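> With the input below, show me the fold.
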Amino acid sequence: MNWGNAGAQFILGDMYEDGRGVSKDEAEVVEWYRKAAGQGYTRTQYNLGYMYANGRGVRKDEAEAVEWYRKAAEQGHAKAQERLRELGK
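Numbers count the residues shown, from 1 in each chain. Down below sits the predicted model:
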């Protein structure tokens with residue numbers, strides 16, 4: 001895995017989420033988070049789950065949120081594990 005690319009993709013997503021140096025754009029957030037999450041970048045998998053759980057930049061989709069939370073949880077991401085427990089998954 002090339003963590004450098006995933007890390008940069010996470011940072012770009014984060015910039016779009018906060019509007020740092022670019023206009024805020026939740027669709028762009030999701031696009032960049034999805035690229036990093038697909039490479040196994042745990043923090044971004046959790047963030048993507050959050051976007052789906054809350055309908056931010058995408059249509060709200062609990063099943064998709066659970067999928068991304070689970071991927072992060074399987075890598076030891078504590079917040080993702082907590083969210084899965086809260087959702088009864």
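> which SSE is residue 30 in?
Counting by DSSP states H and E, the element that carries residue 30 is helix 26-37.
> Now do the next helix or strand after that helix against helix 26-37, angle only.
Moving toward the C-terminus from helix 26-37, the next helix or strand (DSSP H and E) is helix 42-54. If you take axes from the mean of the first three to the mean of the last three C-alpha atoms, to 10 degrees, helix 42-54 sits at 140 degrees to helix 26-37.
> Geometric centre of the protein: which residue is closest?
residue 48 (2.1 Å; C-alpha atoms, centre = their mean).
> Return the residues in contact with it.
Residues near residue 48 by C-beta atoms under 8 Å, 6 or more residues apart in numbering: 30, 33-34, 37, 68. C-betas here are computed from N, CA, C, even on glycine.
> List the buried residues in the lowest-mean-pLDDT helix or strand in the chain.
Lowest by mean pLDDT, DSSP states H and E among the helices and strands of the chain is helix 3-18, with a mean of 89. Across helix 3-18, burial judged by 16 or more other C-beta atoms under 10 Å covers 6, 9-10, 12-17.
> swap in stretch 59-74?
Across stretch 59-74, burial judged by 16+ other C-beta under 10 Å covers 64-66, 68-73.
> ok, now stretch 77-85?
Judged by neighbour count using 16+ other C-beta under 10 Å, the buried positions of stretch 77-85 are 77, 80-81, 83-84.
> which residue lies farthest from the center of this structure?
residue 21 (20.3 Å).
> Determine which two of the contacts of residue 48 are furthest apart.
Largest separation among the contacts of residue 48 by C-beta to C-beta: 30 and 68, giving 10.8 Å.
> Residues touching stretch 73-80, excluding its own?
Here stretch 73-80 makes contact (C-beta under 8 Å, 6+ apart) with 40, 42-43, 45-46, 49, 69-72, 81, 83-84.
> ok, residue 52 to residue 22 distance?
Counting by C-beta to C-beta, to the nearest Å, the gap from residue 52 to residue 22 is 22 Å.
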